[in-house]
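A.B. asks: Fold the stuff below for me.
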Amino acid sequence: MSDVSSEDEPTGPGDADLLARSPWRWWRQQMPVVQRWAYFDHAAVAPLPGPTADRLAAFAAQAAAQGDVDWLEWSGEVEQMRASAARWLGADADEIAMIPNTSYGINIVAEGLDWQSGDNVVLPAGEFPSNLFPWLQQQDRGVEVRVVGEPDRGADLDKITEAIDDSTRLVAASWVGYATGYRLDVDALVERAHRRGALVFLDAIQGLGVFPLDLSRTRVDFLAADGHKWLLGPEGAGLAFVRRQHIDRLRCRTVGWNSVKNAHLFGGAKFELRDSAARFEAGSANMAGLLAMHRSLQIFWQVIEQHGPDAIARRVLELVAELSEALAAAGCELSVPAKKDNRSGIVTFRIPGVEPAEFRKRALEAGVVVSCRGGGVRASVHAYNDAADIEKLILQVRAAQQTVQEPTK
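C.D. replies: Numbering: from 1, shown residues only. The predicted structure is shown next:
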């Protein structure tokens with residue numbers, strides 16, 4: 001594999017020459033985790049880049065030494081992140097809300113729509129509970145929840161389309177299935193749903209950071225994603241998107257001092273909701289988490305500016321192909337979408353005769369991090385992983401197979 005290095009000493013993000021010549025080596029050098037682990041668990045919780053950890057430490061030092069003296073500086077940086085994220089996504093800053101997690105972002109929509117008895121929402125089978133329970137919560141308002149397809153096959157666009165009727169208010173789907181790794185054709189979903197008069201909510205947490213998304217072209221109505229997976233941020237900091245024409249359409253079910261215009265005029269504040277998606281940010285933000293997430297996003301932006309919006313996706317899919325080939329050669333049973341356009345950074349596999357949980361335990365002992373999902377072992381690959389990481393994982397697969405083949409004494 002070209003452009004890959006096993007040198008693991010972290011360097012500063014300002015090495016422009018290395019970034020230009022060898023972006024994945026440059027990125028790998030931002031990741032202290034590689035000094036100990038072959039890390040394949042980004043679909044669960046990602047490790048923090050070194051600059052991100054430094055930003056958290058700097059915030060803690062500032063807050064300890066100065067209290068809220070630097071609050072305006074912090075708040076300004078959060079607004080910079082909002083604007084930058086909007087440009088990256090092809091949205092307007094007024095359409096972006098800072099949220100604590102994906103579940104919160106989903107509930108902005110699920111609790112905010114003016115559901116009528118007899119409405120329905122359509123979901124593909126196999127969604128993560130965060131993109132199921134908020135819709136089931138609406139059943140006591142007379143909303144039918146239609147779950148279609150098979151949970152282990154990925155979202156079926158045809159079955160989703162067949163389930164949409166005149167009473168369908170919304171289709172809610174994950175961009176990438178957390179267990180299957182199946183990547184949905186979002187443009188096709190939006191076209192089919194909108195043609196039938198239904199809105200579209202996208203749970204983007206397993207795709208955002210790897211695959212490009214231009215919301216000026218891909219007209220999803222709502223989106224939410226936490227930053228602690230593929231965006232390499234800390235838990236508790238994420239973003240939501242509400243298309244401008246829908247902001248007033250959603251009732252704010254959670255309101256606070258920060259929901260209104262002139263929010264800092266505490267004594268004379270009037271209940272006039274902001275004209276932007278920031279109205280859904282009811283109270284004080286997770287300032288430390290958002291500042292750290294901003295620092296992580298700067299790594300992505302530097303790569304994208306140098307190498308294009310598709311560079312990270314190409315890199316991840318190349319690594320996934322290499323890992324899949326190596327796992328198949330080692331005798332594993334793979335669960336990977338047949339079409340490349342439906343693949344993601346997730347590879348689920350089974351080792352005949354080996355329990356997934358037992359393999360995960362053995363792998364951890366050997367410095368390899370994976371998860372158990374979808375009835376197998378889930379390896380989630382990021383752009384800074386390299387051939388050496390894959391080799392470490394395959395060595396553990398072969399070691400696990402050896403224990404199965406050894407005769408019982």
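
A.B. asks: measure residue 136 to residue 334 for me?
C.D. replies: From residue 136 across to residue 334, the span is 32 Å (CB to CB, to the nearest Å). Any C-beta I mention is one placed from the backbone N, CA and C, and that applies to glycine too.

A.B. asks: go on, residue 311?
C.D. replies: According to CB to CB, residue 311 and residue 334 sit 26 Å apart.

A.B. asks: One more: residue 169?
C.D. replies: According to CB to CB, residue 169 and residue 334 sit 37 Å apart.

A.B. asks: and what of residue 390?
C.D. replies: From residue 390 to residue 334 the distance is 14 Å (CB to CB).

A.B. asks: When those two are compared, which one has more neighbours?
C.D. replies: residue 390 (21 against 14; other CB atoms under 10 Å).

A.B. asks: Only the buried residues of the strand or helix carrying the more buried one, if you could.
C.D. replies: Here residue 390 sits within helix 387-405, counting by DSSP states H and E. For helix 387-405, a neighbour-count test (16 or more other CB atoms under 10 Å) marks 389, 390, 392, 393, 394, 396, 397, 400, 401 as buried.

A.B. asks: do the same with stretch 350-364
C.D. replies: In stretch 350-364, counting by 16+ other CB under 10 Å, buried: 350, 351, 354, 356, 359, 360, 362, 363.

A.B. asks: Kindly report the same for stretch 172-190.
C.D. replies: Those would be 172-184, 186, 189-190, for stretch 172-190 by 16+ other CB under 10 Å.

A.B. asks: Would you point out the most distant pair within these?
C.D. replies: Distance extremes for those: the farthest pair is 179 and 190 at 23.4 Å, using CB to CB.

A.B. asks: Kindly list the longest helix within this structure.
C.D. replies: Longest helix in the chain by number of residues (criterion: DSSP state H): helix 287-307.

A.B. asks: what angle separates the helix or strand just after that one from helix 287-307?
C.D. replies: Proceeding N to C from helix 287-307, the next assigned helix or strand is helix 311-329, under DSSP H and E. Between helix 311-329 and helix 287-307, the angle comes out at 90 degrees (axes from the mean of the first three to the mean of the last three CA atoms, to 10 degrees).

A.B. asks: Does residue 334 touch residue 326 like I think?
C.D. replies: No: taking CB atoms under 8 Å as the definition, residue 334 is not a contact partner of residue 326, at 10.5 Å.

A.B. asks: the domain parsing of this structure - what is it?
C.D. replies: The chain breaks down into these domains under automatic domain parsing: 16-47+309-405, 56-303.

A.B. asks: Save those as CSV, and put in mean pLDDT too.
C.D. replies: Output for those, formatted as CSV (pLDDT from 0 to 100):
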stretch, mean pLDDT
domain 16-47+309-405, 96
domain 56-303, 96
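
A.B. asks: so what does the helix holding residue 390 touch, helix or strand wise?
C.D. replies: strand 38-39, helix 311-329, helix 356-365, strand 368-369 (3 or more CB pairs under 8 Å, 6 or more residues apart in numbering; DSSP states H and E).

A.B. asks: Fine, thanks again, bye for now.
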